[in-house]
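Student: one predicted model, sequence on top.
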Amino acid sequence: MRLDELGSLRSLSALNEKAVLLRLLDRLDEALVVANEAVRQARFTGDREQLLGARVRRAQVLQYQGKFDEAITELTGCVDEARAHDWTALEAFAVQSRGKCHFDAKDYENALADVTAAVFLREKLGASKTDIESSLIAVAVVQSFVDRSKTAGDEPRA
């Protein structure tokens, strides 16, 4: 219903929301088109923080498409830029997204490093106890996959 409400709106916030909704609905080709449009629009406005957020959302679509290498490359650039500008909230968003991408790619060691870093960034931001607890649950889940892969004798990808 919300997607219908957004209709043909072309504001950056509408495009970002549409990209997320389309991704969640598994309409990934459409989501990528809209995410690319959001990145172009953010680039045009000159607001680098908004551009960075749009790039993370586009990388999430790539992740859902199974294009893990592309998504990780994009997210690494986002993490680096956010860190360079001390945009801690965006850095946490990008590093958590990259951790999820590593996890989906079965690269549990790097996933663990990223989700752990996201916890510390959220603590630095003064995030709510609920947000930090949900991040700690993610760390525990990824840690269990790392432990399981070591027990099975498989070496996780580095």
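Tutor: Thanks, I have the structure now.
Student: what pLDDT, on average, does the helix or strand containing Val61 get?
Tutor: For Val61, the host element (DSSP states H and E) is helix 48-64. Per-residue pLDDT values over helix 48-64 give a mean of 97.
Student: elements contacting the helix or strand following that helix?
Tutor: Where DSSP H and E defines the elements, the next helix or strand beyond helix 48-64 is helix 68-84. Applying 3 or more CB pairs under 8 Å, 6 or more residues apart in numbering; DSSP states H and E, we find helix 68-84 packed against helix 48-64, helix 88-104. Just so you know, the C-beta spots here come from the backbone N, C-alpha and C atoms, and that holds for glycine as well.
Student: ok, the spatially most central residue of the chain to Arg58 distance?
Tutor: With distances taken as CA atoms, centre = their mean, Ser97 lies nearest the centre of the chain, 2.5 Å away. Computed with CB to CB, to the nearest Å, the distance linking Ser97 and Arg58 is 11 Å.
Student: before we move on, what about Val139?
Tutor: With CB to CB as the criterion, Val139 and Arg58 are 26 Å apart.
Student: those two: which is more packed in?
Tutor: The residue with more neighbours, out of Val139 and Arg58, is Arg58; 26 against 18, by other CB atoms under 10 Å.
Student: fine by me, we can end here.
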